[in-house]
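S.K.: Build me a structure from this.
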Amino acid sequence: MLSAFRSALTTPDLRRKILFTLGIVALYRLGATLPSPGVSYVNVQECIRQQESGGQSFYQLINLFSGGALLKLSIFALGIMPYITASIIVQLLTVVIPRFEQLKKEGQSGQNKLTQYTRYLTIALGILQSTGIVALAVQRQLFQNCDRDVIPDQSVFNLVVIVITMTAGTAVIMWLGELITERGVGNGMSLLIFTSIAARIIPEGGMILQRPDGAIVFPVVCVFALAIIVSVVFVEQGQRRIPVQYAKRMIGRRMYGGTSTYLPLKVNQAGVIPLIFASSLLYLPDLISKLAAGSTTEPSWWQQFIATHIVQQSSPVHIAIYFLLIIFFTYFYVAITFNPDERADEMKKFGGFIPGIRPGRPTAEYLRFVLGRITLPGSLYLGIVAVLPNFFLTVTQEGNNQNFPFGGTAVLIMVGVGLDTVKQIESQLMQRNYEGFLR
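M.R.: Residues are numbered from 1 along each chain as shown. Below is the predicted model:
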């Protein structure tokens, strides 16, 4: 392992990419600590302190993805979530809108057009989310049990400036992520999420240690997180390899084909997208109820139901809905990203076939059958790992808010991004005849 790190740092171009990535990450974390203009830093810190001492925020997951920047109302308060949501929406629209499907098939030019649409949608979502956050802050609904004004000057001009600042921060984050993807190592957006989650580990660990039973709970939580990491690594590396044989073809005086390869189908074909999308949908009902409720209005029955059963992560209703949403979005995302008919046509076009399966429609049906059987354990794996901390939460934290960096969702994202980044560095090392990290 140490020799692989040494080889990566001694290679000039790879070292340049790694240092460039670390510089962008440091810039991102700096922007996450700078408060937006017009926000009272002292009042925000006091509300956060009261929050940590026993309050609960319905925006915990988004605060996690922003590395704690959301509740601080910083420049990068929205984090990477608007871009993720926009990317998912554009991918879903490729199935519904024929124009998007045509752009997807046009290659690099069509992909650039879809990327441009994703950027426009990201800005629009950034405006909507920043407006909602500012509205919650004005109504004192962003923090519970905190009566301080985090935005002392609530004039229209000042609120518009804060919304514009947060939206601009979203655009800058999107640009930083694309810079990492183009000139750095790994997927930029995923690495920014990884950095945000990692930034919350030490503060959340300190919160656990400050509890009266922290000396007992903290080692148990660490062992629990380690078990999740081991299981995630094991399943993430699992795949079903379907053998593919290519027939020999004579082109001129040369013979092509005749090779044997395989089509890898991962057990977790959807990655962490179902977790992010399911979590995003879960906080929407509480966001709507908070925006609908005034500062003096008594909560209605549906608002009380949301506060009792949807927001509380130890609630059986919350756990069941979260689990079912993960399974649904796993099947849905796999269905829109892997098309068995297109894959069967490509194999038939280049003379490939699965031994024992006729090319064309039988091959597509076989791929659809295998993919369905693999997706079931993959979706159950994602759902179980994601909701296990909710059961563990009831015992260790007595129904209070979950320490997300030690939860299943955060561990799944961190391990998945870490494995992808290591594989990319390893592939570049292997091109230079160096041994990689995964031996």
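S.K.: CA only for contacts and neighbour counts going forward, please
M.R.: Noted.
S.K.: Number of residues surrounding Gln237?
M.R.: Counted by other C-alpha atoms under 10 Å, the residues lying close to Gln237 total 12.
S.K.: Please give me every residue in contact with it.
M.R.: Lys266 (C-alpha atoms under 8 Å, 6 or more residues apart in numbering).
S.K.: ok, now Gly214?
M.R.: Residues Ile208 are the ones in contact with Gly214 under the rule C-alpha under 8 Å, 6+ apart.
S.K.: Tell me the secondary structure at Val244.
M.R.: strand (DSSP: H, G, I helix; E, B strand; the rest coil).
S.K.: how far away is it from Gln141?
M.R.: 57 Å (C-alpha to C-alpha, to the nearest Å).
S.K.: How about Ser87?
M.R.: Applying C-alpha to C-alpha to Ser87 and Gln141 gives a distance of 29 Å.
S.K.: So between the two, which is more surrounded?
M.R.: Neighbours were counted for Ser87 and for Gln141 using other C-alpha under 10 Å; Gln141 has more, 22 against 19.
S.K.: can you confirm the more buried one is in a strand?
M.R.: No: counting by three-state DSSP, Gln141 is located in no strand; its state is coil.
S.K.: And it, how far from Arg148?
M.R.: Shown here: Gln141 relative to Arg148, a distance of 11 Å by C-alpha to C-alpha.
S.K.: Quick check: next helix or strand after the helix ranked longest in the chain?
M.R.: Ranked by residue count, the top helix of the chain under DSSP state H comes out as helix 361-396. Downstream of helix 361-396, the next assigned helix or strand under DSSP states H and E is helix 408-431.
S.K.: For that next one, give the mean pLDDT please.
M.R.: Across helix 408-431, the average pLDDT comes to 77.
S.K.: Would you mind writing the CA trace of that helix as PDB?
M.R.: Backbone C-alpha positions of helix 408-431 (Å, rounded to 0.1, in the frame of the first residue of the first chain) are rendered in PDB as follows:
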ATOM      1  CA  GLY A 408     -25.300   3.600   6.800                       C
ATOM      2  CA  THR A 409     -26.000   6.200   4.200                       C
ATOM      3  CA  ALA A 410     -22.800   8.100   4.800                       C
ATOM      4  CA  VAL A 411     -20.600   4.900   5.000                       C
ATOM      5  CA  LEU A 412     -22.100   3.700   1.700                       C
ATOM      6  CA  ILE A 413     -21.300   6.900   0.000                       C
ATOM      7  CA  MET A 414     -17.800   7.200   1.400                       C
ATOM      8  CA  VAL A 415     -16.800   3.600   0.700                       C
ATOM      9  CA  GLY A 416     -18.300   3.800  -2.800                       C
ATOM     10  CA  VAL A 417     -16.500   7.000  -3.700                       C
ATOM     11  CA  GLY A 418     -13.300   5.800  -2.100                       C
ATOM     12  CA  LEU A 419     -13.300   2.600  -4.100                       C
ATOM     13  CA  ASP A 420     -13.900   4.400  -7.400                       C
ATOM     14  CA  THR A 421     -11.200   6.900  -6.800                       C
ATOM     15  CA  VAL A 422      -8.700   4.200  -5.800                       C
ATOM     16  CA  LYS A 423      -9.500   2.200  -8.900                       C
ATOM     17  CA  GLN A 424      -8.900   5.300 -11.100                       C
ATOM     18  CA  ILE A 425      -5.500   5.900  -9.500                       C
ATOM     19  CA  GLU A 426      -4.700   2.200  -9.800                       C
ATOM     20  CA  SER A 427      -5.600   2.200 -13.500                       C
ATOM     21  CA  GLN A 428      -3.100   5.000 -14.100                       C
ATOM     22  CA  LEU A 429      -0.400   3.300 -12.100                       C
ATOM     23  CA  MET A 430      -1.000   0.100 -14.100                       C
ATOM     24  CA  GLN A 431      -0.400   2.000 -17.300                       C
END
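S.K.: Show me which positions of that helix end up buried.
M.R.: 408-417, 419, 421, 423, 425-429 (16 or more other C-alpha atoms under 10 Å).
S.K.: same thing with stretch 345-354?
M.R.: For stretch 345-354, by 16+ other C-alpha under 10 Å, it's 345, 347-348, 351-354.
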